[in-house]
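**Q** Build me a model:
(2 chains)
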2 protein chains.
Amino acid sequence: MKEYLLARQKMVDAALDHYLPKANAKPATIHKAMRYSLFAGGKRLRPILCLAAAECCGGDPAEALPLACAVECIHTYSLIHDDLPCMDNDDFRRGMPTSHKVFGEGIAVLAGDALLTFAFELAARVPGWPRYSPRDVIRELAVASGSRHLIAGQVIDLESEGKKVSLPRLKFIHESKTAALLRCSLRLGAMSANATPARLQRLSDFGLALGLAFQVIDDILDVTQTTEKLGKSAGKDAAAEKATYPSLVGLERSRRTARRLTEQARTALKPIGKPAADLLTLADHLLQRDF
Amino acid sequence: MKEYLLARQKMVDAALDHYLPKANAKPATIHKAMRYSLFAGGKRLRPILCLAAAECCGGDPAEALPLACAVECIHTYSLIHDDLPCMDNDDFRRGMPTSHKVFGEGIAVLAGDALLTFAFELAARVPGWPRYSPRDVIRELAVASGSRHLIAGQVIDLESEGKKVSLPRLKFIHESKTAALLRCSLRLGAMSANATPARLQRLSDFGLALGLAFQVIDDILDVTQTTEKLGKSAGKDAAAEKATYPSLVGLERSRRTARRLTEQARTALKPIGKPAADLLTLADHLLQRDF
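**A** Here you go, the predicted structure:
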């Protein structure tokens, strides 16, 4: 698995480097800032899932690359904006100073804007496939990233700070902030392989369960691990009085929820059989962190 | 002209209202914030130019509506982010409190993000035309809004505050911040009417000259008019030590430049003849402000 992940990360990194304006393209500041956050040690989870989904549906991962990179641009923009002082106010991300600490707040806002915009420039590269047109793909990306999903999660998160949050509300945050874009990554990969509607639906279900499980485990790790191991400030959620699974239902029930969601993810893939082997291994790898 | 403008504003407003998620769509805050800025009295200059370009090329303005609205969403997002404390720090826009004054900085950032994202959801509605596919149109929008144009202008603007700025640099700011999106509005309208490459080029040239003229006149008005008349803080540019045409070359030369650019815009349309009549009138209306 380690080799597979490394090879895929390299493939995604090379593609991002190829697609993105060079660091010295004018104005240099914005392109440096875009690249700084995009190449700040991200695990490329979303693009790797996108490529694996394409393969699971019999496609060539190379054809999914612009979409895989587009999703990573969206993910990175959302991190830059989430870290801003007016949002989560985080100085470190993956052990590195966040964009606004390096470039200042103004440029950080613009670097996020630029990556978001660039994601659609990338998505507009795809030729389309018999079942899915470029419009379908671009709409999919826009909806998952938009005010009812990715951005909705951040809004509710922001509005919930310091307040008592119900479990359904926390689920909505997780679904919007994390699961929607993970699911979108899988769907875009599947679309690029001209997947049947049935297989597209299975990968959707898989992505949703995987995303929710991933977020619950993240919440658990924030409580149980050290800053060093996380590469970001541990205990940050508690300090910000953010609702997390452990704070709402305790560690043990959180672990059970994570296991149940993991099982749901596996179940969604089962009927696909062998073509889903890589995705299954990926899910195991992602979810069997030390929680 | 007044009636024409009013009718077109109504058409654009109705379409925006129709396309945009309702103000009570969950999460309500973000949709209220999106609508607050989108319906804050904008003149709908860009969408109106887009519709007029479509007609100038023999198209039905109704077919250009999603693109006209997409451009207005991009324009509005850029205003919300430009007004943030970490950028131009403006409390008023068109005589109303800016988004971050009403909703707070975090939501203002997200409302901008959401409008930017929604623009591409809108653009993905177009069916495409024989000469121009949905991909062409979406790429056009992404490039004009991206890190080499609209965002580039804001970056250079931000980096130039309090510094001595050369005339070529100021032209670059104007071209990026204002002219690129104006030109894009015209191009998208023309594309929706399946314009010939030659006519598309003419409308491009017109858009560039019009955008530059418009910005020079804006600079002049910032010096010569009162806050009340402008609907935004007058003398703001000077106070922020921002480079403007008048501050670099004086009022008289600025006025001459504005007149020359206006003439260039008119010249670009001349070979089109009668179909360009509305665009010409629009240009006259926009540029014969009291400068």
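**Q** Helix, strand, or coil at A:Pro85?
**A** On the three-state scheme (DSSP: H, G, I helix; E, B strand; the rest coil), A:Pro85 is labelled coil.
**Q** I'd assumed A:Ser99 was in contact with it.
**A** No. Applying C-beta atoms under 8 Å, one finds A:Pro85 not in contact with A:Ser99, separated by 11.5 Å. No exception for glycine: its C-beta is placed from N, CA and C like everyone else's.
**Q** A:Tyr19: how many residues sit nearby?
**A** Using other C-beta atoms under 10 Å in any protein chain shown, A:Tyr19 is surrounded by 16 other residues.
**Q** so who does it touch?
**A** Neighbour list for A:Tyr19: A:Pro66, A:Cys69, A:Leu122 [criterion: C-beta atoms under 8 Å, 6 or more residues apart in numbering or on different chains].
**Q** residues touching the second one, list them.
**A** By that I understand A:Cys69. Neighbour list for A:Cys69: A:Val12, A:Ala15, A:Leu16, A:Tyr19, A:Pro47, A:Leu122 [criterion: C-beta under 8 Å, 6+ apart].
**Q** thought the last one was touching A:Cys73?
**A** Yes. Under the criterion of C-beta under 8 Å, A:Leu122 makes contact with A:Cys73 at 6.7 Å.
**Q** out of those two, which sits in the busier spot?
**A** Higher neighbour count among A:Leu122 and A:Cys73: A:Cys73, with 29 against 25, using other C-beta under 10 Å.
**Q** in what helix or strand does the closest residue to that one other than its chain neighbours lie?
**A** Nearest residue to A:Cys73, sequence neighbours excluded (C-beta to C-beta, 6 or more residues apart in numbering or on different chains): A:Ala119, at 4.0 Å. Using DSSP states H and E, A:Ala119 falls within helix A:105-123.
**Q** A:Ala54 too?
**A** helix A:45-56.
**Q** residues of the very next helix or strand once past that helix that come out buried?
**A** Scanning forward in sequence from helix A:45-56 by DSSP H and E, the next helix or strand is helix A:61-82. Neighbour counts using 16 or more other C-beta atoms under 10 Å in any protein chain shown place A:61, A:63-82 of helix A:61-82 among the buried residues.
**Q** How about stretch A:82-89?
**A** For stretch A:82-89, the neighbour count (16+ other C-beta under 10 Å) marks A:Asp82, A:Asp83, A:Leu84, A:Pro85, A:Cys86, A:Met87, A:Asp88 as buried.
**Q** Check stretch A:157-165 too.
**A** Going by 16+ other C-beta under 10 Å, stretch A:157-165 has these buried residues: A:Asp157, A:Leu158, A:Glu159, A:Ser160, A:Val165.
**Q** Same question for stretch A:123-140.
**A** Buried residues in stretch A:123-140 (16+ other C-beta under 10 Å): A:123-126, A:128-129, A:132-140.
**Q** now stretch A:211-218
**A** For stretch A:211-218, using 16+ other C-beta under 10 Å, the buried residues are A:Gly211, A:Leu212, A:Ala213, A:Phe214, A:Gln215, A:Val216, A:Ile217, A:Asp218.
**Q** Show me which of the residues you listed is closest to A:Tyr4.
**A** Closest approach to A:Tyr4 among the buried residues of stretch A:211-218 (C-beta to C-beta): A:Phe214, at 18.6 Å.
**Q** doesn't A:Lys177 make contact with that closest one?
**A** No. Using C-beta under 8 Å, A:Phe214 makes no contact with A:Lys177, being 10.8 Å away.
**Q** Tell me, how many residues neighbour A:Val249?
**A** Counted with other C-beta under 10 Å, the neighbours of A:Val249 add up to 15.
**Q** my bad, A:Lys274
**A** Using other C-beta under 10 Å, A:Lys274 is surrounded by 8 other residues.
**Q** now it: how far from chain B?
**A** Counting by C-beta to the nearest C-beta, to the nearest Å, the separation of A:Lys274 from chain B is 34 Å.
**Q** tell me the pLDDT at that residue?
**A** Looking at A:Lys274, its pLDDT stands at 96.
**Q** do A:Lys270 as well
**A** At A:Lys270, pLDDT is 96.
**Q** excluding its backbone neighbours, what's nearest it?
**A** Residue nearest to A:Lys270 in three dimensions, not counting chain neighbours: A:Ala276, with 7.9 Å by C-beta to C-beta, 6+ apart.
**Q** and the gap between the residue nearest to A:Cys73 and B:Asp90?
**A** Remark: distance between A:Ala119 and B:Asp90 (C-beta to C-beta, to the nearest Å) = 28 Å.
**Q** Can you pick out the residue with more neighbours from these two?
**A** Shown here are A:Ala119 and B:Asp90; by other C-beta under 10 Å, A:Ala119 has more neighbours (28 against 19).
**Q** For the more buried one, give me its contacts.
**A** Contacts of A:Ala119 (C-beta under 8 Å, 6+ apart): A:Ala70, A:Val71, A:Cys73, A:Ile74, A:Tyr77, A:Leu141, A:Ser145.
**Q** can you check A:Gly59 too?
**A** A:Gly189, A:Ala190, A:Ser192, A:Ala193, A:Asn194, A:Ala195.
**Q** Next, A:Gly59: phi, psi?
**A** phi -90, psi 170 (degrees, to the nearest 10).
**Q** Helices of the stretch 101-250 of chain A, start to end?
**A** A:105-123, A:134-145, A:150-160, A:167-174, A:180-192, A:197-224, A:227-230, A:236-239, A:245-269 (DSSP state H, counting those that start in this stretch).
**Q** Which one of those helices lies nearest to B:Gly106?
**A** Of these, the one closest to B:Gly106 (C-beta to C-beta) turns out to be helix A:150-160, at 5.0 Å.
**Q** quick check, that closest one touching chain B?
**A** Yes. Helix A:150-160 lies within reach of chain B by C-beta under 8 Å from any C-beta of the partner chain, at A:Ile151, A:Ala152, A:Gln154, A:Val155, A:Ile156, A:Leu158, A:Glu159.
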